[in-house]
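[1] coords please:
(2 chains)
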Amino acid sequence: MILRARRDARSEPSDQPSHPGRKYRGLAFLLVMGLIIAACGDSTPASTTAGGATTTAGDGVTTTGGTSTSACGDDPVELLIWVTRPYYIPPDDFQSFTAEYPNVTVTFDVQSNDDILQQLLLRRDAGQPLPDVLGAEDSFLIEAFVEAGLIPSHDDIATTWQEEDPESYDRLLPLVWDETSLDGVKYGASITANFDVLYYNQEWFDEASVTVPFDSLDAVLDAMRDMKAARPDSIPFTVQAKAGDGVTSLKTVLAAAGTPFDGAVPDLTSEAGIYGINWFLQAANEGLLPPDAIAWGEDESRGAFVSGNAGLILDGFTTAGDFNEAEGFDYPDQWNLTPVPLSQSGGGADGVALSAARTWAVLDGTENPCEAALVLRYIAETNNLIEAAGNGSVPMRQTEAIDSPDLLTIWPFFNEDLKAAYLGSSPTPAGPNAGDVEAILEQMFGEIVVGTDKTAEELAAEYQPQLDGA
Amino acid sequence: MVPEAENKMTATATTKPRRRLKRLWQRPDKPPSRDNNAIIGHSKLTPYLFSLPAIILVAALLGFPVLYGMWQSLFRAPSLGKPVEWVGFENYAEMFSSSAFWHSMNRTAIFVFGSLILGTALGLFFAFALFRVLGKLRFLRALAVAPYIISNVAAAVMFRILFNSQFGTVNRVIEFFGLDGPSWLADPTLAMVVVIFTQVWTDLPLTILLLLGGLMTINKSYLDAALVDGATGWSRARYITMPLLAPQLLISTVWLSYSTLTGLGVVLALTGGGPLKATQTMAMEMYTVAFRSLEFNQALAIATFILILNALLTLGYVAIGRRFEYDQ
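    So this is what the prediction gives:
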């Protein structure tokens, strides 16, 4: 009875006014449902006002104009651009572009480079619109992009560019198109590219009486030995060998020694392949390269160099900008850089320098291919390339910009030796199996760095079949 | 006047008190009579009807992606971006025949059980210590939660710096005592130790909270009675506190096991699976297969295996936990 009475007391008569909290609960419910619906909808980044450039993924910048003056058409056009680094976007955030083509609205978004291909595939599978233009570092995966049907032929884009703006087109190095060509068909424009260089500590080199430029890879090893002799407890040479961070330095040395590549797969059993492996084996076994480097990512290896704990580092050219900003570590008094020699023992070139391109491509399915193609021209403009370089971007494959005195004010260290090495560089060996190849090479490189009793021939014999099967 | 049902309840409780207590929540002795004032009325379907919206929502948001992932693990794309084709259990067959997979299983076993042992031991230690703190020192209980609000990737980066052999604080401290610090992240064994330690550090607050909460619910009269009977501190902990803490220990074990088995952030940011694949756990292997080899369906097979393994381990923990079940 008591229980019944309590239950009755809890049951409010229906004519009682509802509790005000219910209204808020109802509103909250609607809000949650709205958010769910919004989350299921188009996730295109919201536009913000012009000039509000951000560096975080998901944020964008929009600049709008009025009537079009473009040859593409006068209708209002919206372009979505994905880039994998914020500094690929010229500092004016497309303002000069939209000034020239006022009917075009540009929104850009920074996406992670690690899984850009997967993101695009997922987006397409989910029925979401793809961006119109992509600026990514995965040029070594261009074949995979093409195979996945994400990038169409750029032959027409290149032809139209050449016809409409021959001056701008002719300023591009052939590598811009060659890098992304498959069976003679162009699939994007690799307008900028990074390349590996040797950074050295000037004081250490002076102590060890080492002079640059090096004429051979053997000379680099000798320089390390001299530094070790001058500073027995030091780290003469460092690279990044952390799992998952890639093996760019190994590939750079292999290519410089003249190792042939079949797609992304190096021929480790070749004479040059054995030399390249042996080069690192000697460095590791003689204590010139610390075993700790197996756990070093770019932060640790660069930190060791900037803090004066390492005398030599093999790293990308863009790092020079970071070194230049390091306080108390001044160029050229304390550090400098020199190209990686392309000869094993001196006398002629055995191999090639590799460059890792940043490729711009119009994506398949864009409704505005004409306007999207104009973005590529905008990126390739001289002043935009130079300003982007000042923002932390990489060297450009464009003659006017790379020869510009303005570039030297931004990169005083970009000397003639480096420029020649860059202009003579070849694309990084590529293929759809590049990821698997990297993983296998990484394992071998790890063995070398931590120290192994195996010879270069044994390592090559062990890993080549794995590479061939990748 | 005592109602008939109430009278019957008292009688049953007198004859089989323990069994009665256990079944009380499961099934009433007599179904309540139909309530004419209720909107729908009592029926077996009523609770399910009320739960249906939540069930649908949970199934849609959580269940569907899992089932879809399992379904997709039975397909494979002939090449990247092309439509997938039905391959049945081929992805699983390949997975089980892969030496990399079994290597990652081995690494995962060490990682999970190492984390469980260390996490539970430290969780108990800190829970007992924080249970004892009095007065103003109770703020330490709040402080113990701090690691939980730090992203595990950020924690991994922090530990990577701490354990750096050249300039890390840990080796600096060791050097202070005149010893040479080891190459923590370059040595395969030590790298696993650091990974386990970091994972435990990020998971420890929840373990502490669970165990501390359990300690707080223990009826003090049991401990007082044991004290009067002359039980030592260890005896009280062994025979009273620990058995009564079993439910919380079970939950923390399930949580730690799940967290380490599926944990990717710490390993990825700390070692990337290295050195020489020494910390290549199954979650890392799944990541590698998906994002380096670009074999998404193969990666989903690994994800499904992790899910099943997780469920089996949880069932195992629950089965073991039931042996120590004890009613207060």
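
[2] can you map out the strands along the chain?
    If you meant another chain, say so; for now it's chain A. For chain A, strands defined by DSSP state E occupy the ranges A:62-63, A:77-83, A:104-110, A:133-136, A:189-201, A:235-238, A:261-262, A:265-266, A:310-316, A:335-339, A:354-362, A:426-427.

[3] Correction: the question concerned chain B.
    Using DSSP E, the strands of chain B run over B:75-76, B:85-86.

[4] could you say what helices and strands the first one packs with?
    Packing partners of strand B:75-76 (3 or more C-beta pairs under 8 Å, 6 or more residues apart in numbering or on different chains; DSSP states H and E): strand B:85-86, helix B:296-323. Bear in mind the C-beta positions are built from the backbone N, C-alpha and C, glycine included.

[5] Return the residues of the stretch 251-400 of chain A in contact with chain B.
    A:290-295, A:297, A:300, A:303-304, A:307, A:309 (C-beta under 8 Å from any C-beta of the partner chain).

[6] What sits closest to the residue in the stretch 251-400 of chain A positioned nearest to chain B if chain neighbours are left out?
    Among the residues of the stretch 251-400 of chain A, A:A295 lies closest to chain B, at 3.4 Å counting by C-beta to the nearest C-beta. Counting by C-beta to C-beta, 6 or more residues apart in numbering or on different chains, B:L185 is the residue found nearest to A:A295 once chain neighbours are left out, at 3.4 Å.

[7] likewise A:D436?
    According to C-beta to C-beta, 6+ apart, the nearest residue to A:D436 is A:A470 (3.9 Å).

[8] contacting residues for the one you found?
    The neighbourhood of A:A470, defined by C-beta atoms under 8 Å, 6 or more residues apart in numbering or on different chains, consists of A:265, A:433, A:436-437, A:440.

[9] Return the subset of these lying in helices.
    Using DSSP state H, the subset of the contacts of A:A470 located in helices is A:436-437, A:440.

[10] By neighbour count, which of the residues you listed wins?
    Among the ones in helices among the contacts of A:A470, A:V437 has the most neighbours (other C-beta atoms under 10 Å in any protein chain shown), with 25 neighbours.

[11] ok, that residue touching A:L467?
    Yes. Assessed by C-beta atoms under 8 Å, A:V437 is found in contact with A:L467 at 6.0 Å.

[12] Sketch out the low-pLDDT regions of the stretch 101-250 of chain A for me.
    The stretch 101-250 of chain A contains residues with pLDDT under 70 at A:138-140.

[13] who's in contact with the closest residue to A:V220 other than its chain neighbours?
    Of all residues beyond its chain neighbours, the one nearest A:V220 is A:F214 (5.1 Å), with distances taken as C-beta to C-beta, 6+ apart. Applying C-beta under 8 Å, 6+ apart, we find A:F214 in contact with A:198, A:220, A:223, A:338, A:340-341.

[14] Check the residues you listed and tell me the two furthest apart.
    Greatest spacing in these, by C-beta to C-beta: A:A223 and A:V340 (12.5 Å).

[15] quick one: buried residues of stretch B:147-165?
    By neighbour count, and taking 16 or more other C-beta atoms under 10 Å in any protein chain shown as the criterion, the buried residues in stretch B:147-165 are B:147-148, B:152, B:155-157, B:159-160, B:162-165.

[16] what's the straight distance from one end of that stretch to the other?
    Here the two ends of stretch B:147-165 are set 24 Å apart, with distance taken as C-alpha to C-alpha, to the nearest Å.

[17] same deal with stretch B:147-154?
    Distance across stretch B:147-154, first residue to last, is 10 Å (C-alpha to C-alpha).

[18] Now tell me what touches that stretch from outside.
    Against stretch B:147-154 from outside (C-beta under 8 Å, 6+ apart): B:155, B:198-199, B:201-202, B:204-206, B:263, B:265-266, B:268-269.

[19] mind running it again at 10 Å?
    The set of residues external to stretch B:147-154 that reach it, using C-beta atoms under 10 Å, 6 or more residues apart in numbering or on different chains, is B:155, B:157-158, B:198-209, B:259, B:263-270.

[20] Can you tell me which of those residues are buried?
    For those, buried by 16+ other C-beta under 10 Å: B:155, B:157, B:198-209, B:259, B:263, B:265-270.

[21] Return the subset of the contacts of stretch B:147-154 lying in helices.
    Reading helices off the contacts of stretch B:147-154 with DSSP H, I get B:155, B:157-158, B:198-209, B:259, B:265-270.

[22] what residues are up against residue 223?
    Let's take chain A. A:A223 touches A:198, A:200, A:204-205, A:208-212, A:214, A:236-237, A:288, A:311-312, counting by C-beta under 10 Å, 6+ apart.

[23] wrong chain, I was asking about chain B
    B:231, B:233, B:236-237, B:240-241, B:244.

[24] Recalculate using a threshold of 8 Å.
    B:L223 is in contact with B:236, B:240-241, counting by C-beta under 8 Å, 6+ apart.

[25] Now do the buried residues in stretch B:131-143.
    By neighbour count on 16+ other C-beta under 10 Å, the buried set for stretch B:131-143 is B:131, B:141.

[26] Would you mind naming what in the stretch 101-250 of chain B lies close to chain A?
    So the stretch 101-250 of chain B meets chain A at B:160, B:164-167, B:183-186, B:191 (C-beta under 8 Å from any C-beta).

[27] okay, now residue 258: neighbour count?
    You didn't pick a chain, so chain A it is. 19.

[28] I was after chain B.
    Other residues near B:Y258 come to 18 when the count uses other C-beta under 10 Å.

[29] My guess is it contacts B:N310. True?
    Yes. In terms of C-beta under 8 Å, B:Y258 counts as a neighbour of B:N310; the distance is 5.8 Å.

[30] Which residue is it, in the stretch 1-150 of chain B, that comes closest to chain A?
    B:G81 (2.4 Å).

[31] closest to A:V146 among the contacts of A:F214?
    Closest to A:V146 out of the contacts of A:F214 is A:V340 (30.0 Å), distances taken as C-beta to C-beta.

[32] quick one: contacts for the closest one?
    A:196-198, A:214, A:217, A:220, A:252-253, A:256, A:314, A:353, A:421 are the contacts of A:V340 under C-beta under 8 Å, 6+ apart.

[33] Now do the residue nearest to the spatial centre of chain B, the pLDDT please.
    Centroid-nearest residue in chain B: B:W255, 1.1 Å away (criterion: C-alpha atoms, centre = their mean). Per-residue pLDDT puts B:W255 at 93.
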